[in-house]
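In: Could you work out the structure for the sequence below:
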Amino acid sequence: MKKKTTRLSRWKAAMCLAALTAGTATVVQAQSGYAGPVVSPPSLDFGTVTSGTTSAFQTLTVSLAYGGTTTEGNTFSVDSVALPPGFIRTGGSCPAGTAPSPCTIDIAFQPGGPGAAAGDVAITATSNGLQGVTNVPVTGNGAAFQSVPVLSNLALLIMLAGLGGLGLMYARRH
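Out: Predicted coordinates for the structure are as follows:
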C-alpha cells in the first residue's frame, strides 16, 4: 500500500528540517503545525555581571522557519517575547505585529542579586496564519556588588600632606 504525502505535511517537514539544519534553538511544535521561527544564535550566555548593573545587550535574529522572506509574499509577525527573571529586552527590529523577516531582538542581563540565572526566552511568532514558539536558553551569573573605598576629607588631607613631605625630603637630597 502506497502512503500518500500531503502538501501540508511536506511543508511542515521542510520547516522542521530547515530549523534543525540551521543549528537553531529548541523548536516547540505547535498544534497548528507551524514549527516556530528560526532563531540564532541558539543560546545566549551573559557571563558574570555585577548585581545592580546591566550587561551589554546581545542580539537574537528571528526569521521565518523555512528561510523565506516577507518580501516574497509571506506574512510573519513576532507576537510575544517572554523573558525569564533577570533578563530584559533592550531593543531590536521585531515590532509587535507584522515584522520583517529576518528581524532582531536585543536582550540584556540585569541581575537582582548574586547567583546564577537561567531560563528560556520564548518567542511566539505567526507565519502565514500559523503560530509557533521557539525557546532560546539564556544564562548569566550575578556577582555581589563591591563598593569602592572612599577617603574622608581628613584622610585625604593627611595623605596629601604626607606626599608633600616626601616630595620635600626628595628635593633636599637631590
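In: which residue is nearest the centroid of the protein?
Out: Centroid-nearest residue in the chain, with C-alpha atoms, centre = their mean: Ile107, separated by 3.7 Å.
In: OK, contacts around that residue?
Out: Counting by C-beta atoms under 8 Å, 6 or more residues apart in numbering, Ile107 makes contact with 44, 57-60, 83, 87-90, 121, 138. Quick note: C-beta positions are derived from backbone N, CA and C, even for glycine.
In: out of these, which are buried?
Out: 44, 57-60, 87, 90, 121, 138 (16 or more other C-beta atoms under 10 Å).
In: ok, so of the residues you listed, who is nearest Leu160?
Out: Nearest to Leu160, judged by C-beta to C-beta, of the buried ones among the contacts of Ile107 is Phe57 at 42.1 Å.
In: Contact partners for Gly129?
Out: Residues in contact with Gly129 (C-beta under 8 Å, 6+ apart) are Thr75.
In: What sits closest to Pro111 if chain neighbours are left out?
Out: Using C-beta to C-beta, 6 or more residues apart in numbering and skipping the chain neighbours, the partner closest in space to Pro111 is Gly142 (2.8 Å).
In: Contact partners for that neighbour?
Out: Gly142 touches 48-51, 86, 111-117, counting by C-beta under 8 Å, 6+ apart.
In: What of Phe57?
Out: Shown in contact with Phe57 (C-beta under 8 Å, 6+ apart): 90-91, 106-108.
In: still on that earlier bit, need the contacts of Gly142 in TSV with pLDDT, neighbour count and secondary structure, can you?
Out: Formatted as TSV, these follow (pLDDT from 0 to 100; neighbours: other C-beta atoms under 10 Å; DSSP: H, G, I helix; E, B strand; the rest coil):
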residue	pLDDT	neighbour count	secondary structure
Thr48	96	13	strand
Val49	96	20	strand
Thr50	94	14	strand
Ser51	92	16	coil
Gly86	96	22	coil
Pro111	95	26	coil
Gly112	91	11	coil
Gly113	92	12	coil
Pro114	94	13	coil
Gly115	95	13	strand
Ala116	96	11	strand
Ala117	96	20	strand
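In: nearest to Ser101, of these?
Out: Gly86 (28.8 Å).
In: tell me the SS of Leu163?
Out: Look at Leu163: counting by DSSP: H, G, I helix; E, B strand; the rest coil, its state is helix.
In: any chance you could map the helices in this protein?
Out: For the chain, the helices defined by DSSP state H occupy 7-21, 153-173.
In: pull the helix or strand with minimum mean pLDDT from this protein.
Out: Lowest by mean pLDDT, DSSP states H and E among the helices and strands of the chain is helix 7-21, with a mean of 41.
In: one step back: who does the residue nearest to the centre of the chain form a beta bridge with?
Out: Counting by DSSP bridges, Ile107 forms beta bridges with Gln58, Arg89.
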